[in-house]
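[1] Could you look at this predicted model? Sequence included:
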Amino acid sequence: MSSNDPLDLNLIQMVQRARMAHDAEAVPSEAAGVYWVEAKREIEGKEPTPRAGVWVVPTTTSEIDALWATIKQATREGKLGYKSKAATASRSLGVDQADRVIHVLTYDADDTADVARIHAALMELGVTGELTFHRQRE
């Protein structure tokens with residue numbers, strides 16, 4: 001493919017659908033072929049801006065699967081941000097194997113009301129520990 005060839009958007013969408021199908025049933029502590037498993041909201045909502053933010057939810061290897069199931073469902077239902085992702089077994093190579101993290105992404109870090117809403121929703125879901133928030137860097 002030369003640099004002048006148009007992108008095959010159908011192929012890109014097909015790959016994205018396959019990835020989401022994989023991630024729908026993936027268990028973070030067992031997934032080793034990817035660094036993250038993701039969930040996206042399944043209802044209409046605001047699209048992410050270049051100022052997207054992320055709540056970082058620390059967890060452990062022994063707790064990530066149950067916590068991910070809760071956050072994944074809430075994300076799909078539109079109760080959290082536009083997307084969430086959980087670190088897998090592959091992501092933690094080279095770091096403490098007991099540590100894991102889940103990211104809950106906001107559409108815009110400058111929308112302080114939405115950032116606070118997501119934080120409150122995480123608390124209602126029973127998320128504990130020291131949460132941090134920052135602008136997304138992907």
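    Perfect, thanks for sending it. Computed from a predicted structure; not experimentally measured.

[2] residues near the residue nearest to residue 127 when sequence neighbours are not counted, how many?
    Counting by Cβ to Cβ, 6 or more residues apart in numbering, residue 57 is the residue found nearest to residue 127 once chain neighbours are left out, at 5.8 Å. From N, CA and C alone the C-beta is placed, and that goes for glycine too. By the criterion of other Cβ atoms under 10 Å, residue 57 has 24 neighbours.

[3] Could you do residue 85 as well?
    26.

[4] thought it was touching residue 38?
    Yes. With contact defined as Cβ atoms under 8 Å, residue 85 reaches residue 38; the gap is 4.4 Å.

[5] In a helix, residue 119, correct?
    Yes. According to DSSP: H, G, I helix; E, B strand; the rest coil, residue 119 belongs to a helix.

[6] Is the nearest residue to residue 132 once chain neighbours are set aside in a helix, a strand, or coil?
    The shortest distance from residue 132 to any residue other than its chain neighbours is 4.7 Å, reached at residue 56 (Cβ to Cβ, 6+ apart). When classified by three-state DSSP, residue 56 comes out as strand.

[7] about what we covered before: how close does the residue nearest to residue 127 get to residue 114?
    17 Å (Cβ to Cβ, to the nearest Å).

[8] Over to residue 16?
    24 Å.

[9] can you check residue 121 too?
    Distance from residue 121 to residue 114, by Cβ to Cβ: 10 Å.

[10] Tell me the buried residues in the helix or strand bottoming out on mean pLDDT in the chain?
    Among the helices and strands of the chain, helix 9-25 carries the lowest confidence by mean pLDDT, DSSP states H and E, at a mean of 70. Residues of helix 9-25 classed as buried by neighbour count (16 or more other Cβ atoms under 10 Å): residue 23.

[11] List the contacts of it.
    34, 37-40 (Cβ atoms under 8 Å, 6 or more residues apart in numbering).

[12] For the residues you listed, which single residue is the most surrounded?
    Neighbour max across the contacts of helix 9-25 (other Cβ under 10 Å) = residue 37, 25 neighbours.

[13] Checking my notes, residue 133 in a strand, right?
    Yes. Inclusion of residue 133 in a strand is indicated when three-state DSSP is applied.
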